[in-house]
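J.: Below is the sequence, then the predicted model.
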Amino acid sequence: MSEKKDPQEETVEEEIAPNEEPAEVPETAIKPDARTVPTREDLTMAALAHASILVTFLIGVGSGGLGAVLGVLIPLGIWYGYRDKSTYTAEQALHATVYQVASVLAVLAFALVGAILVIVGWTVSGALAAVLIGLCLMPFALLVTLLLVAGIIVLPIVLLIYGLYAAYETYQGRDFRYKWISDWVDQQNWT
């Protein structure tokens, strides 16, 4: 009759020479969790979360900025769907969501502050035109107006390019981190 041995009794520590690797990986070795090792699908969905800023941009342009919030629902939906499946995808989608919310708020704040400055500039210039001082202020009012228009056009395009760069990086399998935003998201412990 053969005797069954307890597997714990059979554990023998083998010494390995400094330049030698073990022949086999023991079955008890810690294997990467499926949630932490991104698959091609995970990389694609993470890239789509970042690339959805294009939808946010197009909806924002088409609606005068008001509908841009709808585009933010795309990375939020990806985060919701992958939060229990893939750590990588969920984290990237959450960063993309916060980036897009911050982008929409930044553009709206820029437009609001710029509009106030333009209104004040032209009002003061017009009111003081009667005493000729306003005529000297009109070039400054015009400059503020032109800077506002340029900023309203350039700022969203720069934010779009940065988001599309993030999509490219994540599709290549790199862990993309938005400047300031990713650090802030990590501090919140939302993932």
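T.: Thanks, I have it.

J.: Surely Leu94 touches Val185?
T.: Yes - the pair Leu94 / Val185 is scored as a contact, 6.0 Å apart, by Cβ atoms under 8 Å. The way it works is simple: take the backbone N, C-alpha and C, and place the C-beta from them, glycine included.

J.: ok, the two, which is more surrounded?
T.: Higher neighbour count among Leu94 and Val185: Leu94, with 24 against 19, using other Cβ atoms under 10 Å.

J.: Need the pLDDT of that one.
T.: Leu94 is assigned 94 on the pLDDT scale.

J.: dump the residue contacts of it.
T.: Leu94 is in contact with Pro75, Trp79, Val185, Trp190, Thr191, counting by Cβ atoms under 8 Å, 6 or more residues apart in numbering.

J.: Pick the one among those residues closest to Ser103.
T.: Pro75 (11.6 Å; Cβ to Cβ).

J.: My read is that the closest one contacts His50, right?
T.: Yes - because the distance of 7.4 Å satisfies Cβ under 8 Å, Pro75 is recorded as touching His50.

J.: shared neighbours, the two?
T.: Shared contacts of Pro75 and His50 (Cβ under 8 Å, 6+ apart): Ala96.

J.: Using CSV, write out the CA atom coordinates for stretch 152-165.
T.: Taking C-alpha atoms only, stretch 152-165 is exported to CSV below (Å, rounded to 0.1, in the frame of the first residue of the first chain):
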residue,chain,number,x,y,z
ILE,A,152,-12.1,80.1,-27.0
ILE,A,153,-10.8,78.5,-30.2
VAL,A,154,-7.3,77.4,-29.0
LEU,A,155,-7.9,76.2,-25.5
PRO,A,156,-10.4,73.4,-26.5
ILE,A,157,-8.1,72.3,-29.3
VAL,A,158,-5.1,72.0,-27.0
LEU,A,159,-7.2,70.0,-24.5
LEU,A,160,-8.5,67.8,-27.3
ILE,A,161,-5.0,67.1,-28.5
TYR,A,162,-3.8,66.2,-25.0
GLY,A,163,-6.7,63.8,-24.5
LEU,A,164,-6.1,62.1,-27.9
TYR,A,165,-2.4,61.8,-26.9
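
J.: Other residues contacting the helix or strand Val55 falls within?
T.: Counting by DSSP states H and E, the element that carries Val55 is helix 53-62. Helix 53-62 is contacted by residues 66-68, 70-72, 74, 96, 99-100, 103-104, 107, 156, 159-160, 163-164, 167 when judged by Cβ under 8 Å, 6+ apart.

J.: next SSE after it?
T.: Heading C-terminal from helix 53-62 (DSSP H and E), you reach helix 68-71.

J.: tell me what the helix or strand following that next one is packed against?
T.: From helix 68-71 onward toward the C-terminus, using DSSP H and E, the following helix or strand is helix 73-82. With contacts defined as 3 or more Cβ pairs under 8 Å, 6 or more residues apart in numbering; DSSP states H and E, the packing partners of helix 73-82 are helix 40-51, helix 87-128.
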